[in-house]
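# Test case, fold it:
(2 chains)
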Number of protein chains: 2
Amino acid sequence: MAVTIRDVAHASGVHVSTVSRTFSAPHMVNAETRTRVLAVAEKLGYRPNRAARALTTGRTGNLGLIVADLANPFFPPLIKAAQAAARGQDYHLFVADTDENPVEEQDLVQAFSKQVDGIVLCSPRSSNKALEKLAETIPFVLVNRRMRGVPTVVMDVAQGARAAMGHLAGLGHRRVALVAGPAGSWTSGEIRRAVAEVPGLDTLVIGPNAPTEEGGAAVAERVAEAGVTGVLAYNDLVAIGLIEALEERGVSVPGDVSVIGVDDSVTGRLHRPKLTTVAMPAADAGRMAVDLLIKSMSAATVLETHLVVRESTAPPKGIP
Amino acid sequence: MAVTIRDVAHASGVHVSTVSRTFSAPHMVNAETRTRVLAVAEKLGYRPNRAARALTTGRTGNLGLIVADLANPFFPPLIKAAQAAARGQDYHLFVADTDENPVEEQDLVQAFSKQVDGIVLCSPRSSNKALEKLAETIPFVLVNRRMRGVPTVVMDVAQGARAAMGHLAGLGHRRVALVAGPAGSWTSGEIRRAVAEVPGLDTLVIGPNAPTEEGGAAVAERVAEAGVTGVLAYNDLVAIGLIEALEERGVSVPGDVSVIGVDDSVTGRLHRPKLTTVAMPAADAGRMAVDLLIKSMSAATVLETHLVVRESTAPPKGIP
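You can find the predicted model right below:
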């Protein structure tokens, strides 16, 4: 059961309004009473009204996490890890979903900005320019986007994309396709740049595409007609949508066309054929982003002082 | 780009501090100026500092949605539909995840209570008693829990569970198992009561269990040794975990044991064998819960008045 302000007042032997003032206007409560009330509140585990506290301390005790699409299986492991990291440091995590919409994304940052102390913004779809503007309003950390002056956690998807293309080349494929992700995606750009560097492969880039099963299904026709024998898809959902649509057309995977996803989501593991994929350390990213955010919010690093006893102090006169 | 307080001040021909007061302390601004500023603010789409506004109007413009486990594929369609309904009525939706923990659930309601105007609490794990206490602090709507005096949206899972057991009986199964869900789950209780009513089946109840793949895998041994030929699992994840663990033991599904899930999640559709399941209208529930919440929050129903002209009024003297 939650401890109420009444419990604290009773245990401290003061009026409820004194407990209230202790948290909302501490300078109006005498020091001795304030100390007693705070000690009792801490002992009982009392949480003062966070909104009121936010006005005096500027802290809400909440963090925000914004993702492009909660229904994409890439995000839940990231969210769960971020949540565990936040809880471990006594923060609540509130999550919001932009539906892949950059305008909604900016709107949500603003909605969060008065309700949370800082934001983790995952795979943003907004331009760097729009993000720079938002970074002035609230501390935030980016996941899978690099931006000057903003703390960021990125996954080295370029390395994974090169490995995926190397795997296709090693299997003997020569003409392959990259089914790219959405236009605003840093990750998609990284994959695109990386596959261009892989020697020995003739790579057709198809996209931008929605990062969903529908996005993959929509390009099945083009993939089937392009004469490619291997595909790297932007993520597991796109890969699965593509596979299902290819098989509906009688194109067998991997018999006729090999398909590789990105993410190593639970969905890709459950799918048949089990999906070859680039594993993305999403949980690590979620955890590290929250740690980085909390560190970046503690503006003051407190360094210890110590007393240097030299010759200017002595016992008062009369004490032997 | 977001409209700033400066834009509103400029367009209204007043100082920034006047715009600020119009939203935070309207009684301190003369009526004419206030009307002009509000009209300009509305026209430009200006959003005042929501925390400050919350203190004067009690409104944040945000709704909270609490789920037991974001990683359970049952929830994303519910969340997305709730989000669309919230957006359609100019609310932002913040989501939080309790990790199936009733203490965390109550803690999150409290954390939300100052940052949002109302909460949708989905598949709560807390006792009714604990929820009654929380219902005093903030408007909320329950999904998949019935409670006196609290608006609720439930899915008729009992009907689905009876249909599932009827399907097994129709296939000729006689000895079956129910792999139940977690202890605090209303849905699990409903399923349990429903299957007890199905005639012609000898039903072994196994549980409570965690509502996850691990929960399903953990009872595979008992299911295999119980001599049952059919299983209804609490949800699709439990069913999939059970199927994978049964097959590792050389028990084939549906060759040796038939398994039915509950949810009709995307995960069940992608799994092979494709999962027989009870479809739950999760998206409808999310949408309707938000609609119900917003309706329940508008405490005052405004009824129109009209002027009744009788005989006590007349033009002032001197006007013919």
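# and stretch A:173-191, C-alpha only, in PDB?
Taking C-alpha atoms only, stretch A:173-191 is exported to PDB below (Å, rounded to 0.1, in the frame of the first residue of the first chain):
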ATOM      1  CA  HIS A 173      25.600 -15.600 -55.300                       C
ATOM      2  CA  ARG A 174      26.700 -12.900 -57.800                       C
ATOM      3  CA  ARG A 175      23.600 -10.800 -58.400                       C
ATOM      4  CA  VAL A 176      21.800  -9.700 -55.200                       C
ATOM      5  CA  ALA A 177      19.400  -7.000 -54.000                       C
ATOM      6  CA  LEU A 178      19.300  -4.700 -51.000                       C
ATOM      7  CA  VAL A 179      15.700  -4.100 -49.900                       C
ATOM      8  CA  ALA A 180      16.300  -0.800 -48.100                       C
ATOM      9  CA  GLY A 181      14.500   0.700 -45.200                       C
ATOM     10  CA  PRO A 182      12.700   4.100 -44.700                       C
ATOM     11  CA  ALA A 183      14.100   7.400 -46.000                       C
ATOM     12  CA  GLY A 184      14.800   9.000 -42.600                       C
ATOM     13  CA  SER A 185      16.600   5.900 -41.200                       C
ATOM     14  CA  TRP A 186      20.300   6.200 -40.300                       C
ATOM     15  CA  THR A 187      20.500   2.400 -40.100                       C
ATOM     16  CA  SER A 188      19.300   2.100 -43.700                       C
ATOM     17  CA  GLY A 189      21.800   4.600 -44.900                       C
ATOM     18  CA  GLU A 190      24.600   2.700 -43.100                       C
ATOM     19  CA  ILE A 191      23.500  -0.600 -44.700                       C
END
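# did I read that right, A:E104 in a helix?
Yes. If the criterion is DSSP: H, G, I helix; E, B strand; the rest coil, then A:E104 is within a helix.
# That one: what's it in contact with?
Residues near A:E104 by Cβ atoms under 8 Å, 6 or more residues apart in numbering or on different chains: A:T98, B:R87. C-beta coordinates here come from the backbone N, C-alpha and C atoms, glycine included.
# cool, A:R193 as well?
A:A158.
# Over to it. Which of the three states is it?
Of the three states, A:R193 takes helix according to three-state DSSP.
# And it, how close does it get to B:L232?
Counting by Cβ to Cβ, to the nearest Å, the gap from A:R193 to B:L232 is 50 Å.
# got it, and A:V205?
A:V205 is 47 Å from B:L232, where distance means Cβ to Cβ.
# quick one: which of these two has more around it?
Per other Cβ atoms under 10 Å in any protein chain shown, whichever of A:V205 and B:L232 has more neighbours is B:L232, with 31 against 13.
# Then the more buried one would be within a strand, right?
Yes. Using three-state DSSP, the assignment for B:L232 is a strand.
# OK, contacts around it?
B:A161, B:A164, B:M165, B:L168, B:V176, B:A177, B:L178, B:V179, B:I191, B:V195, B:I260, B:V262.
# So for the top helix by length along chain A, mean pLDDT?
For chain A, the longest helix by residue count, based on DSSP state H, is helix A:282-297. Mean pLDDT, helix A:282-297: 91.
# For chain A, tell me which of the contacts of B:L232 show up nearby.
Among these, none lies close to chain A by the criterion of Cβ under 8 Å from any Cβ of the partner chain.
# what's the residue in the stretch 201-320 of chain A positioned nearest to chain B sitting at in phi/psi?
For the stretch 201-320 of chain A, the residue closest to chain B is A:R272, as judged by Cβ to the nearest Cβ, at 3.9 Å. Main-chain torsions, A:R272, degrees, to the nearest 10: phi -120, psi 130.
# any idea how far B:P273 is from it?
The gap separating A:R272 from B:P273 is 9 Å, by Cβ to Cβ.
# cool, A:R34 as well?
Going from A:R34 to B:P273 by Cβ to Cβ gives 66 Å.
# which of the two has more neighbours?
Neighbours per residue (other Cβ under 10 Å) separate A:R34 from B:P273, with A:R34 holding more: 17 against 14.
# Secondary structure class of the closest residue to that one other than its chain neighbours, three-state.
The shortest distance from A:R34 to any residue other than its chain neighbours is 5.3 Å, reached at A:T22 (Cβ to Cβ, 6 or more residues apart in numbering or on different chains). State at A:T22, reduced to three classes by three-state DSSP: helix.
# I am finished for the moment; much appreciated.
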